[in-house]
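Student: Pasting the sequence and the predicted model now:
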Amino acid sequence: MLYRHTQHSVFIVSLCLAAAGLNAFLIWRSGQWLPAGIVLIVLVAVAITFSSLTVEVNENELRWSFGPGLWTYRLPLGDIETVAIVRNHWWNGFGIRVRSGFRLYNVSGLDAVELQLKSNDIRRIGTDDPQGLASALKASPRRS
């Protein structure tokens, strides 16, 4: 393993849990158990899923996953053409986003590592350690 780093998301978890708390209060006051209960479950699931982003670089691939690993993405290192450290705009948001020109995977902050793929697709992996991730990807022996 060349690199492994987990970034935790205080903002997403806090926002979802605050909304879930408000929703629980509204359930209690209104008695609308079924619709509000479904919303409560969705909010807690989003908080768990996007609570962290773990990025790993090994000899063959880049792998990243959200939260407890429900969504795991893999990218062969040979598919990466260039690596650059970038800063996202705040309006690009958090989570999994498809934006004009790139796809973003992010749980917190604005820093990311941008990967230009040989297929001309662009992936941005959000991280609070952009120098470490970029260095690990550039040092990989599998990148040609």
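Tutor: It's in.
Student: which helices and strands does the strand or helix carrying S14 pack with?
Tutor: S14 is located in helix 10-30, with elements delineated by DSSP states H and E. When contacts are defined as 3 or more C-beta pairs under 8 Å, 6 or more residues apart in numbering; DSSP states H and E, helix 10-30 packs onto helix 33-49. Yep, even glycine has a C-beta here, placed from its N, CA and C like the rest.
Student: just to revisit the earlier point, buried residues of the helix holding S14, list them for me.
Tutor: By 16 or more other C-beta atoms under 10 Å, the buried positions in helix 10-30 come out as 12-13, 16, 19-20, 23, 27.
Student: now the residues you listed as JSON lines including distance to R124 and pLDDT?
Tutor: Converted to JSON lines, the buried residues of helix 10-30 look like this (distance: C-beta to C-beta, whole Å; pLDDT from 0 to 100):
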{"residue": "I12", "distance to R124": "17", "pLDDT": "81"}
{"residue": "V13", "distance to R124": "21", "pLDDT": "84"}
{"residue": "C16", "distance to R124": "23", "pLDDT": "84"}
{"residue": "A19", "distance to R124": "26", "pLDDT": "89"}
{"residue": "A20", "distance to R124": "29", "pLDDT": "86"}
{"residue": "N23", "distance to R124": "32", "pLDDT": "83"}
{"residue": "I27", "distance to R124": "38", "pLDDT": "80"}
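Student: Of these, just say which sits nearest to S65.
Tutor: The shortest approach to S65 among those belongs to I12, at 15.3 Å (C-beta to C-beta).
Student: Tell me who's in contact with the closest one.
Tutor: Listed by C-beta atoms under 8 Å, 6 or more residues apart in numbering, the contact partners of I12 are 46-47, 50-51, 94-95, 107-108.
Student: measure it to G78 for me?
Tutor: Here the criterion is C-beta to C-beta, to the nearest Å. By it, I12 lies 33 Å from G78.
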